[in-house]
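In: Task: produce atomic coordinates for the following.
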Amino acid sequence: MRLLAILFTAATLGFAAAGCGGGGDSSSASGTKPETWSASVCGALQTWGDDLKSGSRQLSSDIRSSSDLKSVKQKLVTFLQNAEQSTDKMVDDVKAAGAPAVKDGPAIQQDLESGLTGARTSFQRAVIQAKKLPTNNPQALTTGLSTLAQTIQSELTATGSHFSDLDQKYDLGDLNEAMADEPSCKPFVSSS
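Out: Residues are numbered from 1 along each chain as shown. Down below sits the predicted model:
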């Protein structure tokens, strides 16, 4: 289903943007070691992404096999509720990682948490909107799904822009190095 591909792609692109940058020095910073922080944060993002992909595949399969509009709507609502719960867990796991021991570590962590909380809010709103979708008219449901997909894409793209700004706002050098060496970060870091 196009909605789900858009959701995951927008979210992943946003997080990937945070993984590019220059060099830095963490010798005087306190907090979580960059290597530990990278493993925790990227692990949380990877699990979240895997959950979204798996849920998306299941939803696509379920929707293809159903002609009942109420069933389609309920499956979408269930997917979005699961995505919201998965996003809650991801945000909590990222918060639990603590601030990285790099220059501006607490500010980087706060900005990261703020952006991820934006993704959570997007899914919370999507659940509310999905519950309001009409099921008495296939055209109206299709239009509602399209509008919902555009809204989610727009919100997650804005969240992605927030992550792009981190690279320009902070010197992410030590975090980039740690992320480049962390296997769970590979989907999120640029090779450049």
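
In: What sits closest to Val77 if chain neighbours are left out?
Out: Ala130 (4.8 Å; CB to CB, 6 or more residues apart in numbering). For every residue, glycine as well, the C-beta is placed using N, CA and C.

In: er, Asp62 I mean
Out: The shortest distance from Asp62 to any non-neighbouring residue, by CB to CB, 6+ apart, is to Lys75 (4.7 Å).

In: The residue nearest to Pro134 when sequence neighbours are not counted: neighbour count?
Out: Nearest residue to Pro134, sequence neighbours excluded (CB to CB, 6+ apart): Ala140, at 4.4 Å. Number of residues near Ala140 (other CB atoms under 10 Å) recorded here: 13.

In: moving C-terminal of the host helix or strand of Ala140, what's the next helix or strand?
Out: If you go by DSSP states H and E, Ala140 is part of helix 138-169. Later in the chain than helix 138-169, the nearest helix or strand by DSSP H and E is helix 173-181.

In: Now that Val72 has come up, it's in contact with Ser60, right?
Out: No - using CB atoms under 8 Å, Val72 is not in contact with Ser60, being 11.3 Å away.

In: between those two, which one's more packed in?
Out: Each of Val72 and Ser60 has its neighbours counted (other CB under 10 Å); Val72 has more, 21 against 17.

In: Okay, buried residues for the strand or helix carrying the more buried one please.
Out: Val72 belongs to helix 69-97 when assigned by DSSP H and E. Judged by neighbour count (16 or more other CB atoms under 10 Å), helix 69-97 contains these buried residues: 69, 72-84, 86-87, 90-91, 93-94, 97.

In: Just give me how far that helix sits from the chain centre.
Out: Relative to the centre of its chain, helix 69-97 is centred 11 Å away, using CA atoms, centre = their mean, to the nearest Å.

In: Which strands or helices does it pack on?
Out: In terms of contacts (3 or more CB pairs under 8 Å, 6 or more residues apart in numbering; DSSP states H and E), helix 69-97 is packed against helix 34-64, helix 105-131, helix 138-169.

In: Now distance to Glu182 and mean pLDDT too, for those, in JSON lines please.
Out: What follows is these, written out as JSON lines (distance: least, CB to CB, whole Å; pLDDT from 0 to 100):
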{"stretch": "helix 34-64", "distance to Glu182": "4", "mean pLDDT": "86"}
{"stretch": "helix 105-131", "distance to Glu182": "15", "mean pLDDT": "89"}
{"stretch": "helix 138-169", "distance to Glu182": "17", "mean pLDDT": "78"}
